[in-house]
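> My questions concern the predicted model and sequence given below.
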Amino acid sequence: MSQAQTPAADDGMAARRAALFLIDEAVSGRRLLSESIAQGALERLSPADRARAQRLATETLRQLPRADRWLKPFLVKQPPVAVRNALRLGAVEIGQGAAPHGVVNAMVTLVSKGKRTQSYKGLVNAVLRKLGEQGPEGFARQPVPKLPNWLRGPLVEAWGRKTVEAMEAVHAQGAPLDITAKGDAAALAERLGAELLPTGSLRLREAGQVSALPGYDEGAWWVQDAAAAIAAKALAPRPGERVLDMCAAPGGKTLQLAAMGAEVTALDLSEARLGRLRENLERTGLGAEVVQGDALDFAAGGFDAILLDAPCSATGTIRRHPDLPHAKDGAEFGALIALQAEMIDHALGLLKPGGRLVFCTCSLLPDEGEVQVEEALARHPGLALEPEALRLPGIEAEWIGPEGLRLRPDLWADRGGMDGFFIACLRSSSEA
């Protein structure tokens, strides 16, 4: 099914058509949602339709196993994947309270436009009408979606079955919008009607269009998950310190470090992602030196502190990026783990004697967190952990283990959870 153009009438079809394109790309393994959007999949839509398309695609991918369970009794055999994705999108819309008549008509229209799918419009009509008769109650009876086996197995081994089930429950709820304030967080929370979290981030349950929120245009805040915001706080740069944000884009941590008064160098391999960072620096009025390049080739040293948010499996971000389990299979884990170790070693060589490194990953896998720190300490005599750097406002003592801070989606489950994250603060030897 091809990506369609924006229709003249504002009937919701443009957003649904774009959402279906995003779902097709993710389920096929061609592109993550973020990659499709970065390559312009939504650029021809209005801001409202862009937001709606992204929400529809995200929710459908989040609820994919639940939708498949609901659809299964009405399908004698599986239709082509493009038709199946239209059924899934329709099922999730109906399951979340959309008017069945409008959803059925929209999905029938979408499949009728494709040469390979038009013969299935009768099937789509019949199946979605049956779901419409059950309504949201039928959808709610389906079990909470489980993670795929390639990921669930390692997580159960690491954290136990009950903890993984608690994570899955949080994943199914979706994610509120977290933001970091440039200035007074309490004042901004009152202005936005947001919850001020114990760690200082702000949380909005129903955010709507992000760029339309108060304070966005004036650069008073930026979007950043509450867990991700803790890494820069652990580094705690003093005003005037030279700090390297080693894998900086899209830039939330760079903005934090600059707002703390550090002289920041923001380094990243992706020029496209650095464009977003530059836009946020301009919007917020904050300053940083922006450098495009491979972190392993970067040779300018003498930094007081380095923040290394290393490339990883991103398994901790599934509550916000539910396409990940469908678009990946874990085959890249080994290469990522080796790259993380290489980056830690290189980062330590860029520090001044006695400088500090915050290593973090948005991963739930110990091999990308706790194990990396254990092995780095073994490789580098004189390297030491600084656990006191992790004892920050809002951080529970039991979240801090021998190697660092372990955050999981099931923490703060009653507040909407948080990303899975691992953070460790290391200090290099004071000897040159």
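That came through, no problem.
> quick one: Met246 from Gly420, how far?
Distance of Met246 to Gly420, given as Cβ to Cβ, to the nearest Å: 21 Å. (Each C-beta comes from the backbone N, C-alpha and C, glycine too.)
> swap that for Glu332, sorry
17 Å.
> ok, now which ones touch Leu22?
By Cβ atoms under 8 Å, 6 or more residues apart in numbering, the contact set of Leu22 is Leu33, Ser36, Ile37, Ala41, Ala53, Gln54, Ala57.
> any chance you could map the helices in the stretch 251-400 of the chain?
Using DSSP state H, counting those that start in this stretch, the helices of the stretch 251-400 of the chain run over 252-259, 271-284, 324-327, 333-349, 370-379.
> what's the second one in contact with?
Under the contact criterion Cβ under 8 Å, 6+ apart, helix 271-284 has outside partners 38, 182, 216-217, 219-220, 222, 248-251, 254-255, 258-259, 266, 268, 287-288, 290, 292.
> Show me which of those are buried.
38, 182, 216, 219-220, 222, 248-251, 254-255, 258-259, 266, 268, 288, 290 (16 or more other Cβ atoms under 10 Å).
> quick one: Leu33 and Gly40, what's the gap?
13 Å.
> Please say which of the two ends up with more neighbours.
Leu33 (23 against 9; other Cβ atoms under 10 Å).
> Is the more buried one in contact with Leu56, as I believe?
No: in this structure Leu33 lies outside contact range of Leu56 using Cβ atoms under 8 Å: 11.1 Å.
> Under the pLDDT cut-off, which ranges of the stretch 201-350 of the chain? List them.
Scanning the stretch 201-350 of the chain for pLDDT under 70 picks out no residues.
> Kindly check the end-to-end length of stretch 353-373 for me.
Start to finish, the residues bounding stretch 353-373 are 19 Å apart (Cα to Cα, to the nearest Å).
> So for it, mean pLDDT?
The average pLDDT for stretch 353-373 rounds to 97.
> Check which residues of it are buried.
355-373.
> now do stretch 341-350
Under 16+ other Cβ under 10 Å, the buried positions of stretch 341-350 are Met343, Ile344, His346, Ala347, Leu348, Leu350.
> Which members of the buried residues of stretch 353-373 are positioned in strands?
When DSSP state E is applied, these are split such that Gly355, Arg356, Leu357, Val358, Phe359, Cys360, Thr361 fall in strands.
> pretty sure the fifth one is touching Glu374, no?
So that's Phe359. No: between Phe359 and Glu374 there is no contact under Cβ under 8 Å: 11.9 Å.
> circling back to that earlier point, just send the helices of the stretch 251-400 of the chain back as TSV, with distance to Thr117 too.
Shown next, in TSV, are the helices of the stretch 251-400 of the chain (distance: least, Cβ to Cβ, whole Å):
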stretch	distance to Thr117
helix 252-259	40
helix 271-284	32
helix 324-327	20
helix 333-349	35
helix 370-379	46
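> Any idea which of these gets closest to Val83?
helix 324-327 (17.1 Å; Cβ to Cβ).
> ok, residues contacting that closest one?
26-27, 29, 31-32, 61, 64, 147-148, 151, 314-315, 317-318.
> next one: stretch 311-321
32-34, 147, 151, 155, 170-171, 173-175, 225, 227, 247, 324-325, 328, 330, 332-333, 336, 339-340, 343, 361-365, 368, 407-409, 417, 419-421.
> Quick one: buried ones out of these?
For the contacts of stretch 311-321, buried by 16+ other Cβ under 10 Å: 32-34, 147, 151, 155, 170-171, 174-175, 225, 227, 247, 324-325, 328, 330, 333, 336, 339-340, 343, 361-365, 368, 407-409, 417, 419-421.
> picking that back up, out of the buried residues of stretch 341-350, which is nearest to Ala166?
Closest to Ala166, out of all of the buried residues of stretch 341-350 and judged by Cβ to Cβ, is Ile344, at 30.3 Å.
> so how many other residues sit close to the closest residue to that closest one other than its chain neighbours?
Nearest non-adjacent residue to Ile344, counting by Cβ to Cβ, 6 or more residues apart in numbering: Ala376, 5.0 Å away. By other Cβ under 10 Å, the residues close to Ala376 number 22.
> wait, isn't Ala376 in contact with Leu383?
Yes: the pair Ala376 and Leu383 qualifies as a contact (Cβ under 8 Å) at a distance of 6.5 Å.
> can you list residues touching both of the two?
Leu348, Leu426.
> between the ones in strands among the buried residues of stretch 353-373, which is nearest Val92?
Thr361 (30.4 Å).
> Need the phi and psi values for the residue nearest to that closest one when sequence neighbours are not counted.
For Thr361, ignoring the flanking residues on the chain, the nearest one in space by Cβ to Cβ, 6+ apart is Cys312 at 4.0 Å. Note on Cys312: backbone dihedrals following degrees, to the nearest 10 are phi -150, psi -170.
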